[in-house]
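Enquirer: Got a sequence here, can you build the structure:
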Amino acid sequence: MSVESDLNEIVTYPILTREVGSSPGGDRGGSASENGRSRASSLTGTAQNAIRDLLGWRYRANDPKGFLSALTKAVDLDEKEGHIEYKWTTRPLMIQADLGAVTGAQASIYARAAAALEQVVGLIDNLKPLKPDADEQEVESIRALVRSAWQEMVAELGLGSGPRIQRVEQYFIQLLGSANPDVVRPVLGNGALVAGDLGRMARRFGLQRNHILMVNEEQNYTNFLIIVDYTASLLQTWSAQKPLLARGGFHDKFLGTQLVRLSEQFEVIAEAVQEVYDAMDSVNFGPEERQVSLITFPAHMGLEPITVAELFGWIQEFANVEARHLVENCGRDGVNAVNKTLDLFTQMITTIPD
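Expert: Predicted coordinates for the structure are as follows:
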């Protein structure tokens, strides 16, 4: 059972959301000071989003260490002739996402797909119809469709939290007519057998051997076969790597992508605690009362009593700061330590009386 669901289970009253920017008198326009706070809040949100986009790190006011770590990964310092030069670095195979990065199996297939994309797009754009009466609009339509499918598929493979399996396979189905490597394997070296949008492209362009008269036409047809081979061979690689990228089931996964997903779970836990606070406030169980309301545990657990404020404050701080530092600095050992603490939280919360 997840910590999020455990937190939600103790709340038996509906959650009331907090109002932001509304004036006590009900004035829709609000006071000048409130409008100023609203603008400041908007600017703060814009700045935080920019930090996240540039550094791959979610802003947290109480986590300067996390910010410094993300900044260090994003900027290379080079001392030259008595001064330091700053260079912004982009790492296509290390897409930072707060704690983790694209590594291992995902980095491997993403690197291959990204390199192929550059070649494939060029081939698609320069492909010419061999059929004299080819409809120009139909030709450009299928060209754009195949190009877009390749671009979107490669972007999906590079997602920091791992690709969505269903979406990647849908692109293979769109391009090849199937995401089953055994079904698609015969098209390698024989583009005439391809289905999907690539098969439709061959028909609309007239890319068939009996339309070839000159060497340049054969080269054009060869370019189409290269596109098919790139797509079909990438499917073979995807099929082999997919168990390492899927959520659940297969345990021998690479650490980088899993840390990205773990980072997302930490956000869920912190948000769940805030929702519990909102629910408590909605039934007039405010911060002061939480500070003095004691939770006691069964004797067999061997746990000392703790206040409601202490418990939920501990969970929130652990999810926002401590767990992140453990995972970032200690890797797999840190994940194991985090898991033990989360198990403790689960035990404590599930024993809270209704």
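Enquirer: per-residue confidence for Ser2?
Expert: You'll see Ser2 listed with a pLDDT of 46.
Enquirer: Tell me which helix or strand the residue nearest to Val327 when sequence neighbours are not counted sits in.
Expert: If the residues on either side of it in the chain are set aside, Val327 comes closest to Gly334, at 4.5 Å by C-beta to C-beta, 6 or more residues apart in numbering. Backbone N, C-alpha and C define where each C-beta goes, glycine included. Secondary-structure assignment from DSSP states H and E places Gly334 in helix 323-350.
Enquirer: in that helix, what's buried?
Expert: 323-324, 326-328, 334-335, 338, 341-342, 345-346, 348-349 (16 or more other C-beta atoms under 10 Å).
Enquirer: Where does confidence bottom out across the residues you listed?
Expert: Minimum confidence in the buried residues of helix 323-350 sits at Glu328, scoring 70.
Enquirer: where's that residue relative to Leu188, distance?
Expert: Look at Glu328 and Leu188: by C-beta to C-beta, to the nearest Å, they are 42 Å apart.
Enquirer: cool, Asp135 as well?
Expert: Taking C-beta to C-beta, one finds Asp135 at 29 Å from Leu188.
Enquirer: Compare these two and say which one has the larger neighbour count.
Expert: Counted by other C-beta atoms under 10 Å, Asp135 and Leu188 do not tie: Leu188 has more neighbours, with 17 against 11.
Enquirer: CSV please, covering the buried residues of helix 323-350 and showing distance to Ser282.
Expert: Converted to CSV, the buried residues of helix 323-350 look like this (distance: C-beta to C-beta, whole Å):
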residue, distance to Ser282
Ala323, 28
Arg324, 30
Leu326, 33
Val327, 33
Glu328, 36
Gly334, 36
Val335, 35
Val338, 31
Thr341, 29
Leu342, 27
Phe345, 23
Thr346, 24
Met348, 23
Ile349, 19
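Enquirer: okay, now Ile226: neighbour count?
Expert: Ile226: 15 surrounding residues under other C-beta under 10 Å.
Enquirer: Revised request: answer the last question for Asn190.
Expert: For Asn190, the tally of surrounding residues (other C-beta under 10 Å) stands at 11.
Enquirer: Could you do Gln170 as well?
Expert: When neighbours are counted by other C-beta under 10 Å, Gln170 registers 16.
Enquirer: tell me which residues in the helix or strand where Gln137 lies are buried?
Expert: Using DSSP H and E, the element containing Gln137 is helix 136-157. Neighbour counts over helix 136-157 (16+ other C-beta under 10 Å) mark Val139, Ile142, Arg143, Val146, Ala149, Trp150, Met153, Val154, Glu156, Leu157 as buried.
Enquirer: With adjacent residues omitted, what lies nearest to the fourth one?
Expert: In this structure, Val146 finds its nearest non-sequential neighbour in Asp197, 5.3 Å apart by C-beta to C-beta, 6+ apart.
Enquirer: any idea how far the one you found lies from Val183?
Expert: Distance from Asp197 to Val183, counting by C-beta to C-beta: 16 Å.
Enquirer: higher neighbour count, those two?
Expert: Higher neighbour count among Asp197 and Val183: Asp197, with 21 against 13, using other C-beta under 10 Å.
Enquirer: In a helix, the more buried one, correct?
Expert: Yes. Under DSSP: H, G, I helix; E, B strand; the rest coil, Asp197 falls within a helix.
Enquirer: check contacts around it.
Expert: Contact analysis of Asp197 by C-beta atoms under 8 Å, 6 or more residues apart in numbering lists Ile142, Leu145, Val146, Ala149, Gln174, Leu175.
Enquirer: So the second one versus Tyr221, what's the distance?
Expert: Computed as C-beta to C-beta, the Leu145 to Tyr221 distance reads 20 Å.
Enquirer: Next, count neighbours for Leu207.
Expert: Leu207: 28 neighbours (other C-beta under 10 Å).
Enquirer: Give me the phi and psi angles of the nearest residue to it once chain neighbours are set aside.
Expert: Nearest non-adjacent residue to Leu207, counting by C-beta to C-beta, 6+ apart: Phe224, 4.8 Å away. Here is the backbone geometry of Phe224 (degrees, to the nearest 10): phi -70, psi -40.
Enquirer: Let me know the pLDDT of Phe224.
Expert: 92.
Enquirer: Assess the claim that it and Arg203 are in contact.
Expert: No. Counting by C-beta atoms under 8 Å, Phe224 sits too far from Arg203 to count as a contact (11.5 Å).
Enquirer: Settle it for me: which of the two has more neighbours?
Expert: Using other C-beta under 10 Å as the criterion, Phe224 and Arg203 rank with Phe224 on top: 21 against 13.
Enquirer: Glu217 versus that one, what's the distance?
Expert: As judged by C-beta to C-beta, Phe224 and Glu217 stand 11 Å apart.
Enquirer: swap in Gln106?
Expert: 39 Å.
Enquirer: go on, Ala107?
Expert: Going from Ala107 to Glu217 by C-beta to C-beta gives 39 Å.
Enquirer: Next up, the contacts around the residue nearest to Val327.
Expert: Per C-beta under 8 Å, 6+ apart, neighbours of Gly334: His325, Leu326, Val327, Glu328.
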